[in-house]
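Sequence and computational prediction follow.
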Amino acid sequence: MDESRRERFERVAPGLVEPLRRYLVRRTDPDTAEDVLAETLLVCWRRVDDLPEEPLPWAYGVAANCLRNAERAARRQRRVAAKVAALEPRAPAREPADDPDLGVALGRMRAEDAELLRLWAWEQLTPAEIATVLGITGNAASIRLHRAREKLRIELRKVQRVSGHEGSREGRTS
């Protein structure tokens, strides 16, 4: 049965591609048209048993639905982009390149701890958000973050001693 489905699709699809491409290009930009064409052909493949004897009008209907889906997705994406643009920007986080000691200290840590700290410091995620990224509980993220920050402090002290920053007053108020 699969072979007959495949044969039917291979027989029908070449006659659909160019008419569908022209149909879509007249209704949207070329890149979207190509994406929607691919989605339309995928639907045709999945529903090859539903294709009528004259498949082009049916495929136009599928293409119209796929195009509406693509347009809805683009509108959602624009709304999200507008919301993000309206947010107040967070203060830029220091990159490791801005602080060579920090880069060295992170490099000495376990990769998991360093990533946790990057998510917290550079991506400015909360422990709950970090938990989502890492697939752990919020409590586990908080505990791991606390431990990773302690390990980073230790590594920074080691690096600063080696690089001659032993007398650093960082974190002191007087």
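Alright, I've got the coordinates.

top helix in this protein by residue count?
The longest helix of the chain (DSSP state H) is helix 55-86.

Could you pull up the mean pLDDT of the helix or strand that it is followed by?
Heading C-terminal from helix 55-86, the first helix or strand you meet, by DSSP states H and E, is helix 100-108. Average pLDDT, helix 100-108: 82.

From what I see, T28 and E34 are in contact.
No: the criterion here is C-beta atoms under 8 Å, and T28 misses it with E34 at 9.8 Å. In this view, the C-beta of every residue, glycine as well, is placed from N, C-alpha and C.

about what we covered before: so which bits of the longest helix of the chain are buried?
By neighbour count on 16 or more other C-beta atoms under 10 Å, the buried set for helix 55-86 is P55, W58, A59, Y60, V62, A63, C66, L67, A70.

repeat for stretch 7-26
F9, V12, A13, L16, L20, R21, Y23, L24.

Which residues does that stretch contact?
32-34, 36-37, 40-41, 44-45, 48, 51, 55-56, 59-60, 63, 67 (C-beta atoms under 8 Å, 6 or more residues apart in numbering).

any idea of the pLDDT on the residue minimising distance to the centre of the chain?
Central residue of the chain (C-alpha atoms, centre = their mean): V133, 11.4 Å from the mean position. Note for V133: predicted pLDDT of 89.

Setting the sequence-adjacent residues aside, check what's closest to it.
L119 (6.0 Å; C-beta to C-beta, 6 or more residues apart in numbering).

What residues sit buried inside the helix or strand harbouring the one you found?
L119 belongs to helix 111-121 when assigned by DSSP H and E. Residues of helix 111-121 classed as buried: D113, A114, E115, L116, L117, R118, L119, W120, A121 (neighbour count, 16+ other C-beta under 10 Å).

didn't the first one look like it was pressed against A148?
Same thing as D113. Yes: if you go by C-beta under 8 Å, D113 and A148 touch, sitting 4.1 Å apart.

if I pick L51, what's in contact with it?
Applying C-beta under 8 Å, 6+ apart, we find L51 in contact with R8, V12, C44, W58, A59.

The lowest-mean-pLDDT helix or strand in the chain - contacts with which helices or strands?
Across the helices and strands of the chain, mean confidence by mean pLDDT, DSSP states H and E is lowest for helix 100-108: a mean of 82. For helix 100-108, the packing partners by 3 or more C-beta pairs under 8 Å, 6 or more residues apart in numbering; DSSP states H and E come out as helix 111-121, helix 138-162.

what's the angle from it to helix 111-121?
140 degrees (axes from the mean of the first three to the mean of the last three C-alpha atoms, to 10 degrees).

residues of helix 100-108 that come out buried?
Buried residues in helix 100-108, counted by 16+ other C-beta under 10 Å: D101, L102, V104, A105, L106.
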